[in-house]
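Engineer: Generate a structure from the sequence data that follows.
(one chain, ligands or ions: 2)
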Amino acid sequence: MQPFETVCPAESATDQLGKRIADAAQPCDVIALVGTLGAGKTRLVQAISVALGNTAESITSPTFVLVNEYTAGRMPVYHFDVYRLKDDDEFLELGSDEYFDGDGVTLIEWGDRVEHLLPERASVVKIDIGANDVRRVVISGPLSERLTITTK
Ligand SMILES: Nc1ncnc2c1ncn2[C@@H]1O[C@H](COP(=O)(O)OP(=O)(O)OP(=O)(O)O)[C@@H](O)[C@H]1O
Ligand SMILES: [Mg+2]
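Structural biologist: Ligands and ions are numbered 1, 2, ... in the order given. This next block holds a predicted model:
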């Protein structure tokens, strides 16, 4: 399966990508967001969640609670940030598996840190910062397949 690749030269492009992901997202999707500090993981979660019908102000990085739920839109969003996760057990005790199988889409910042705890169907969104702050985004997994199909 070919990865889906795009660039986001400005935040408006990140908003457009968020809308495309929101349109392609399905319940039980698990999406790992991977990239350095400030790459734009939270910003993309915001773009996806707003496109699904949530308000931008409600979307904050769940740094201390590790998971936020946004349920005002047409599909729930479960927003994890595992940057401060102590160990695997802490993730499992949050009920990660129930979220994965829930009615919404699960988005996990720093998802590479819990890769071994994610279902096989998980997609990966890798964000890199290039010259002039341009974001290069590479998406692999089932989500990339759906995005590629909608492009054609
Ligand atoms: N094209 C772009 N797409 C997304 N964010 C951008 C873009 N250009 C600049 N930015 C800025 O980059 C920052 C990204 O911050 P964000 O909190 O989303 O990063 P993060 O990957 O979640 O970081 P952390 O690892 O600390 O959680 C924001 O301040 C945003 O305004
Ligand atoms: Mg973040």
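
Engineer: Please make it C-alpha for all contacts and neighbour counts, starting now.
Structural biologist: Will do.

Engineer: What is the neighbour count of T14?
Structural biologist: 23 (other CA atoms under 10 Å).

Engineer: quick one, phi psi at the residue lying closest to it once chain neighbours are set aside?
Structural biologist: Of all residues not flanking T14 in the chain, C8 sits nearest, at 5.6 Å (CA to CA, 6 or more residues apart in numbering). Per-residue torsions, C8: phi -120, psi 90 (degrees, to the nearest 10).

Engineer: How about the residues of the protein by ligand 1?
Structural biologist: Counting by CA under 6 Å from any ligand atom, the positions of the chain adjacent to ligand 1 are 8-11, 14, 36-43, 133-135.

Engineer: circling back: can you get me a residue count around the residue nearest to T14?
Structural biologist: Counted with other CA under 10 Å, C8 comes out at 19.

Engineer: So what's the predicted local confidence for it?
Structural biologist: pLDDT for C8: 98.

Engineer: List the contacts of it.
Structural biologist: Contacts for C8 (CA atoms under 8 Å, 6 or more residues apart in numbering) come out as T14, V134, R135, R136, V137.

Engineer: partners of it in the sheet?
Structural biologist: R135 (DSSP bridges).

Engineer: What of L107?
Structural biologist: I31, H79.

Engineer: isn't it right up against Y70?
Structural biologist: No: assessed by CA atoms under 8 Å, L107 is found out of contact with Y70, at 11.2 Å.

Engineer: can you list the weak-confidence ranges in this protein?
Structural biologist: Low-confidence segments of the chain, defined by pLDDT under 70: 63, 150-152.

Engineer: which residues sit against the helix of greatest length in the chain?
Structural biologist: Longest helix in the chain by number of residues (criterion: DSSP state H): helix 11-24. With CA under 8 Å, 6+ apart as the test, helix 11-24 has contacts from 7-8, 43-49, 51-52, 143, 146-147.

Engineer: Out of these, which end up buried?
Structural biologist: Neighbour-count burial (16 or more other CA atoms under 10 Å) applied to the contacts of helix 11-24 gives 7-8, 43-49, 51-52, 143, 146-147.

Engineer: For the helix or strand harbouring T148, name the packing helices and strands.
Structural biologist: Using DSSP states H and E, T148 maps to helix 142-151. The helices and strands touching helix 142-151, judged by 3 or more CA pairs under 8 Å, 6 or more residues apart in numbering; DSSP states H and E, are strand 4-8, helix 11-24, strand 123-129.
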